[in-house]
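Chemist: Sequence and predicted structure, then a few things I'm wondering about:
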Amino acid sequence: MKKNNLIIMGVLLVGVIAIVYSFIGQDDGSYEQKILKQREEKDHFMRTASDSPFALKVEDYSGLSYFPPDKKYRVTARIIPVENKKMIELGTSDGKTKRYMEYAHAEFSIDGVDQRLLMLEVMDMGPYRGTLFLAFGDETSTRETYGAGRYLDVKKPKGINTITLDFNEAYNPYCAYNETYSCPLPPPENLLTIPIYAGEKNYK
């Protein structure tokens with residue numbers, strides 16, 4: 001009787017493991033499709049929208065380039081609030097400055113290497129006031145990716161001390177395509193010490 005029970009439990013365990021791995025595979029596939037869908041939608045925007053940076057020269061637009069989606073670069077970061085927050089100024093691509101309020105640090109690890117990014121709060125009056133701004137550079141900057149850094153859209157966490165940073169969604173500021181735009185540069189502490197082979201590459 002005991003032997004039969006062990007056999008049944010073994011069969012059930014194998015079934016559970018198979019189901020789990022099946023869901024994992026589906027999750028990977030659906031995640032990749034989600035990222036590719038976002039990129040298709042952005043391509044459509046770049047080609048057709050009146051507020052696209054290519055609106056006045058659509059014929060010059062040759063499509064954006066990306067690293068393949070890689071879940072390794074979708075990380076959960078610990079949020080470390082900044083104490084005694086202060087206003088800081090970031091230089092911009094056209095030689096000006098833009099002011100932000102310190103908000104929090106995001107700490108995470110990739111390939112066993114600890115990293116830390118400063119998230120800033122937009123203080124300018126307008127629809128983006130109070131939202132977060134995150135610009136970063138890494139060891140791919142000026143080579144595979146835009147030399148003046150890339151951006152990540154992040155939302156203020158509500159009642160939790162972690163945040164998801166998905167570098168597969170990292171994108172270039174508009175000044176990467178059109179020099180008439182003014183784009184804030186990453187703060188010095190946001191220059192990562194590793195390459196981030198994820199997100200958008202250099203244009204052309």
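Modeler: Arrived safely, thanks for sending.
Chemist: Domain-wise, how is the protein divided?
Modeler: The chain breaks down into these domains under automatic domain parsing: 1-51, 64-190.
Chemist: Comparing the ones you listed, which comes out most buried?
Modeler: Across the domains of the chain, averaging neighbours per residue (mean count of other CB atoms under 10 Å) puts domain 64-190 on top, at a mean of 16. For the C-beta atoms, the positions are set from N, CA and C on the backbone; glycine is no exception.
Chemist: mean confidence for it?
Modeler: The average pLDDT for domain 64-190 rounds to 95.
Chemist: Between the two ends of that domain, how far is it?
Modeler: Using CA to CA, to the nearest Å, the span of domain 64-190 from its first residue to its last is 24 Å.
Chemist: Please name the residues that touch Thr140.
Modeler: Thr140 makes contact with 195-197 under the criterion CB atoms under 8 Å, 6 or more residues apart in numbering.
Chemist: still on that earlier bit, can you list the domains of the chain in TSV and add distance to Lys201?
Modeler: Listed next are the domains of the chain as TSV, based on distance: least, CB to CB, whole Å:
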stretch	distance to Lys201
domain 1-51	12
domain 64-190	4
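Chemist: Lys57: which of the ones you listed is closest?
Modeler: Of all the domains of the chain, domain 64-190 sits nearest to Lys57, with 8.4 Å by CB to CB.
Chemist: mind checking which of the domains of the chain is nearest Asn202?
Modeler: Of the domains of the chain, nearest to Asn202 by CB to CB is domain 64-190, at 5.7 Å.
Chemist: Would you check how far apart Pro187 and Phe108 are?
Modeler: Look at Pro187 and Phe108: by CB to CB, to the nearest Å, they are 17 Å apart.
Chemist: PyMOL command to pick out the buried ones of the contacts of Thr140?
Modeler: The buried residues among those can be selected in PyMOL (16 or more other CB atoms under 10 Å) with this line:
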select buried, resi 196+197
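Chemist: Going by distance to Cys175, which of the contacts of Thr140 wins?
Modeler: Using CB to CB, the contacts of Thr140 come closest to Cys175 at Ile196, 19.5 Å.
Chemist: Skipping adjacent residues, who's closest to that closest one in space?
Modeler: Nearest residue to Ile196 in three dimensions, chain neighbours excluded: Asp138, at 4.3 Å (CB to CB, 6 or more residues apart in numbering).
Chemist: ok, back up a step: between the domains of the chain, which gets nearest to Val58?
Modeler: When the domains of the chain are compared by CB to CB, domain 1-51 sits nearest Val58, at 6.2 Å.
Chemist: Kindly confirm my reading that Arg39 is in a helix.
Modeler: Yes. Arg39: assigned to a helix according to DSSP: H, G, I helix; E, B strand; the rest coil.
Chemist: mind listing what it touches?
Modeler: Contacts of Arg39 (CB under 8 Å, 6+ apart): 64, 66.
Chemist: go on, Phe133?
Modeler: 100, 119-122, 151, 184.
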